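Novice: Sequence unavailable; structure follows:
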């Protein structure tokens, strides 16, 4: 049932939002060189890698300077990119990942291999379900980049504090997952974006 809802809702959203996608694509292309989409390898269900899609919000090649976005004004992020990130519009292309079956609408956010390799055996349980577009950690850490901006060593803070806290929330979700819980999370995500 969850897979059917994921597929049908994502396909419908993809069709309805097509005009908005075109406007976003145009804004990205007009502001900076590079493609419209950003592709990154993430770890999915059962530890399998897949290609995650986002609208490009940084200048081309910026990920070579680090995987984490630090602070409200990371110099690598474009003006259009700031807007897209603020309202989570950069995540829209992941509807393609959901249609393909790589992801679900609700589930633990997929992580890059570098950080997954640091998971404890207990934390690796998050890999038993499809990763999602949103989860409790996305809501709780909606301002993650600002948290990291206040650290002398942002990556270490992410590894030691932020990542374990997010994984704990994800493990809690897995233990109580249901369609009712998923709809609750979707509503809370929209509310967080509006706020």
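Specialist: Perfect, thanks for sending it. In this text the structure is predicted, and so the values were computed from the model without any measurement. Residues are numbered from 1 along each chain as shown.
Novice: Which parts of the protein are strands?
Specialist: Under the criterion DSSP state E, the chain contains strands at 37-43, 49-55, 104-106, 132-134.
Novice: Among those, show me which one is buried the most.
Specialist: Mean neighbour count, computed with mean count of other C-beta atoms under 10 Å, is highest for strand 104-106 among the strands of the chain, reaching a mean of 25. Placement of C-beta: from N, CA and C, glycine included.
Novice: quick one, helices of this protein?
Specialist: Secondary structure of the chain (DSSP state H): helices at 2-16, 18-31, 79-86, 94-100, 113-116, 136-140, 144-149, 154-157, 163-176, 179-194.
Novice: Can you say which of the strands of the chain is nearest to residue 126?
Specialist: Closest to residue 126 of these is strand 37-43 (C-beta to C-beta; 9.5 Å).
Novice: what mean pLDDT does the closest one have?
Specialist: In this model, strand 37-43 has a mean pLDDT of 96.
Novice: just checking, what packs against that strand?
Specialist: strand 49-55, helix 113-116 (3 or more C-beta pairs under 8 Å, 6 or more residues apart in numbering; DSSP states H and E).
Novice: Take those and lay them out in JSON lines including distance to residue 88.
Specialist: As requested, these are exported to JSON lines (distance: least, C-beta to C-beta, whole Å):
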{"stretch": "strand 49-55", "distance to residue 88": "10"}
{"stretch": "helix 113-116", "distance to residue 88": "21"}
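Novice: Averaged over its residues, which helix or strand of the protein has the lowest pLDDT?
Specialist: Lowest mean confidence among the helices and strands of the chain (mean pLDDT, DSSP states H and E): helix 144-149, at a mean of 82.
Novice: Any stretches of the protein with poor pLDDT?
Specialist: Scanning the chain for pLDDT under 70 picks out 61-73.
Novice: could you redo the last one with a cut-off of 80?
Specialist: For the chain, the stretches with pLDDT under 80 are 60-75, 143, 192-195.
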